[in-house]
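J.: one predicted model, sequence on top.
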Amino acid sequence: MISLAEMTPPAPDIVPVETVDGARFELILVMSPEAPARRALLWLPAMGVPARHYLPLAQELAARGVTVAIHEWRGIGSSDRRARRRMDWGYRELLERDLAASAALLGDRMPGIPWAMGGHSLGGQLACLYAALHPQQVDGLVLVASGAPYWRAFPHPWSLRAAFHLAPLLAHLRGHLPGRRLGFAGNEARGVIADWARTGRSGRYAARGMAQDLEAALAELRTPVLAIRLCDDWLVPPASLDWLLGKLPASPVQRVELAADALDGQRADHFAWMKAPAAVADAIANWLR
């Protein structure tokens, strides 16, 4: 029998996507060699991280029978939009336009196959929000190195609280947040930073231009959740994950914590796991079964 390590990684299928407002990006689809695939997963990157960086995770999952579609955030990677003073967006556009387009495409490509939504960091948070708004679409939620950015959930909270005031101010003055120059995320739209920082200051989810009560929708969600935390992840301390999961009281939650010994010697921190994603893929595939 051929082991997973000996299998040739499946080649990705690059699928163009266009949203209702004309934005374009590429969805990376990695099909399971099993026919038919047992499960499918729509994966959402962390803030500022291009979709292609999750290809090793997708290939590990495909080898375990899970077809993966990697979403691309507006303004990042293959997206035809770039944040600037005259081009802005926030969580509303990410949820109602971009994620809706990726979800529709995955449903068309995988008819009859139940699919979950998962994500890394901000991707996990937005996966929860999308599932809360569309509970009949999403069969499960997978959170990896993801938690709410509420300032009270972190060590040295006062400095973080100040950052949640300064980041949107800087984005307003510059026309976007110059994340690459700051060493945090990518070049992000003012609206995204405003919505993210609002949650950081208040601990509550809301989005400019969205009438829905996101907190109430999260509280009513009953979708099962897998929450994977990396032991050395200072960007998502346990209290941050607890704060996010506390918004999902009706959802059954399974928690997994991974240390460096499960990651081929990589640090079990916010990003290093991406270099050795087999243990994360094992946890996700086993849970999805």
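T.: Perfect, I can see it now. Numbering: from 1, shown residues only.
J.: hey, let's count contacts and neighbours off CA atoms from now on
T.: Fine.
J.: tell me how many other residues surround residue 283.
T.: Close neighbours of residue 283, defined as other Cα atoms under 10 Å, add up to 19.
J.: name the nearest residue to it, ignoring sequence neighbours.
T.: Take residue 283 and drop its neighbours on the chain: the residue closest to it by Cα to Cα, 6 or more residues apart in numbering is residue 256, 7.7 Å away.
J.: run through the bridge partners of the one you found.
T.: residue 228 (DSSP bridges).
J.: so it versus residue 95, what's the distance?
T.: Note on residue 256: its distance to residue 95, by Cα to Cα, to the nearest Å, is 27 Å.
J.: more neighbours: the two, which one.
T.: Neighbours per residue (other Cα under 10 Å) separate residue 256 from residue 95, with residue 95 holding more: 19 against 14.
J.: contacts for the longest helix along the chain, please.
T.: Counting by DSSP state H, the longest helix found in the chain is helix 157-174. Contact with helix 157-174 is made by 85, 151, 154, 176-178, 189-190, 193-194, 197-198, 200-201, as judged by Cα atoms under 8 Å, 6 or more residues apart in numbering.
J.: how far away from the center of its chain is it?
T.: Distance of helix 157-174 from its chain centroid, counting by Cα atoms, centre = their mean, to the nearest Å, is 22 Å.
J.: okay, buried residues for that helix please.
T.: Of the residues in helix 157-174, those buried under the neighbour-count criterion (16 or more other Cα atoms under 10 Å) are 160, 161, 163, 164, 167, 168, 169, 171, 172.
J.: stretch 260-267 now?
T.: Buried, per 16+ other Cα under 10 Å, within stretch 260-267: 260, 262, 263, 266, 267.
J.: how far away from the center of its chain is the helix or strand where residue 201 lies?
T.: Here residue 201 sits within helix 190-202, counting by DSSP states H and E. When distances are taken as Cα atoms, centre = their mean, helix 190-202 is centred 16 Å away from the chain's centroid.
J.: burial count for residue 234?
T.: Residue 234 has 15 neighbouring residues, counting by other Cα under 10 Å.
J.: hang on, I meant residue 38
T.: By other Cα under 10 Å, 17 other residues sit near residue 38.
J.: on that earlier part again, so which of the buried residues of stretch 260-267 comes closest to residue 62?
T.: For the buried residues of stretch 260-267, the minimum distance to residue 62 (Cα to Cα) is 18.6 Å, reached by residue 263.
J.: helix, strand, or coil at the nearest residue to residue 106 once chain neighbours are set aside?
T.: Once flanking residues are discounted, residue 106 sits nearest to residue 69: 7.1 Å by Cα to Cα, 6+ apart. Reduced to three states with DSSP: H, G, I helix; E, B strand; the rest coil, the structure at residue 69 is strand.
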